[in-house]
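>>> No sequence on hand, only this structure:
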């Protein structure tokens, strides 16, 4: 990994930050000095980031964070790359570093969270027919890849999960609940919410899908498709044991993990489009969008 010219760092830490705006400004200076790009969210409850940069500068950043008493407990997930995977640097201060929108009922995962499962234990646990495996990510992430037998609640965003759980409580009473997300940050909060709601057997995949895919023993077993990531890569491989493609081209229905945005700018929806169908579909997600694109952007009336 040290031989690759660039690295991608993924990390989070729930830790009290007294003045997020001040921390944001000083952190931006550090990132700019190291010519890092990516997205970082800072809040009173902690920090959530993903960055790309040269291997040397990413290691300098990692060392700076580990040498800071405030952030020394951060666990970094590192990918080797050939170039930057972000176009620019964005650092923002927000109320929450992931938005579960619990209002007055908000809490710190440092005070309440589900049991941690390391990859090997998780790999065995998801084979239990009595386990309920809940994907805590967004629908477009689920569409690209997910664990076998997992469920994706039919809600538009992470913040809507609490209401859905409360409305479907009877489905999970007395069950072993397993929850997972990309890197672990969302499940820290979501699993804690489940515990606070009175569910007694709640566990989370420690380090998320990303750590699971890197584990030398499980090698991503039983994760179908790719893991959606919020950078120019869009998807990264996870399963090196029994991989399956679960996403399909919207035009021909064939297997495809090629995620693109609809060329009708008024739509811009992400969809799967294989290379063979791109010319005919014009990379549009539907016949209606293709008609709009043809007239509006190509000046052709059909």
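In hand now; what should we look at? Values in this document were obtained by computation on a predicted structure and should not be read as measured data.

>>> What segments of this protein are helices?
With DSSP state H as the criterion, the chain has helices at 20-33, 55-67, 119-125, 139-144, 161-167, 185-196, 208-214, 275-281, 287-298.

>>> Of those, which is nearest residue 155?
Among the helices of the chain, the nearest to residue 155 by Cβ to Cβ is helix 161-167 (5.0 Å). Bear in mind the C-beta positions are built from the backbone N, C-alpha and C, glycine included.

>>> Need the residues that contact the closest one.
Residues from elsewhere that reach helix 161-167 (Cβ atoms under 8 Å, 6 or more residues apart in numbering): 100, 101, 102, 136, 153, 154, 155, 172, 190, 193, 194, 197.

>>> taking the helices of the chain together, which one is wrapped up most tightly?
Ranked by mean neighbour count, these are led by helix 185-196 with a mean of 25 (mean count of other Cβ atoms under 10 Å).

>>> what does the average pLDDT come to for stretch 254-271?
For stretch 254-271, mean pLDDT is 96.

>>> and the end-to-end length of that stretch?
End-to-end distance for stretch 254-271: 13 Å, by Cα to Cα, to the nearest Å.

>>> What residues sit buried inside it?
256, 257, 258, 259, 260, 262, 263, 264, 267, 271 (16 or more other Cβ atoms under 10 Å).

>>> for those, which one is nearest residue 41?
Nearest member of those to residue 41, counting by Cβ to Cβ, is residue 259, at 23.2 Å.

>>> ok, now which ones touch the residue nearest to that closest one when sequence neighbours are not counted?
Once flanking residues are discounted, residue 259 sits nearest to residue 234: 4.9 Å by Cβ to Cβ, 6 or more residues apart in numbering. Residue 234 is in contact with 144, 228, 259, counting by Cβ under 8 Å, 6+ apart.

>>> Ok, residue 248 next?
With contact taken as Cβ under 8 Å, 6+ apart, residue 248 is in contact with 254, 255, 256, 272.

>>> Distance-wise, check it relative to residue 282.
19 Å (Cβ to Cβ, to the nearest Å).

>>> Check residue 55 too.
Applying Cβ to Cβ, the value for residue 55 to residue 282 is 39 Å.

>>> from what I can see residue 115 touches residue 202, true?
Yes: Residue 115 lies in contact with residue 202 (Cβ atoms under 8 Å); the separation is 6.7 Å.

>>> Including distance to residue 72, could the contacts of residue 248 go into JSON lines?
Shown next, in JSON lines, are those (distance: Cβ to Cβ, whole Å):
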{"residue": "254", "distance to residue 72": "48"}
{"residue": "255", "distance to residue 72": "44"}
{"residue": "256", "distance to residue 72": "43"}
{"residue": "272", "distance to residue 72": "41"}
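
>>> Looking at these, which are in strands?
Under the assignment DSSP state E, those contribute residue 272 to strands.

>>> between the contacts of residue 248, which is nearest residue 41?
Within the contacts of residue 248, the smallest distance to residue 41 is 28.4 Å, found for residue 272 (Cβ to Cβ).

>>> Would you check that the closest one makes contact with residue 249?
Yes: the criterion here is Cβ under 8 Å, and residue 272 meets it with residue 249 at 5.3 Å.

>>> Show me the common contact partners of these two, please.
256, 258.

>>> Where does the prediction get shaky in this protein?
1-2, 299-302 (pLDDT under 70).

>>> Break it into its domains for me.
Under the assignment automatic domain parsing, the domains of the chain span 6-93, 103-226, 263-298.

>>> I'd like to know which of the ones you listed lies nearest to residue 238.
Among the domains of the chain, the nearest to residue 238 by Cβ to Cβ is domain 103-226 (3.7 Å).
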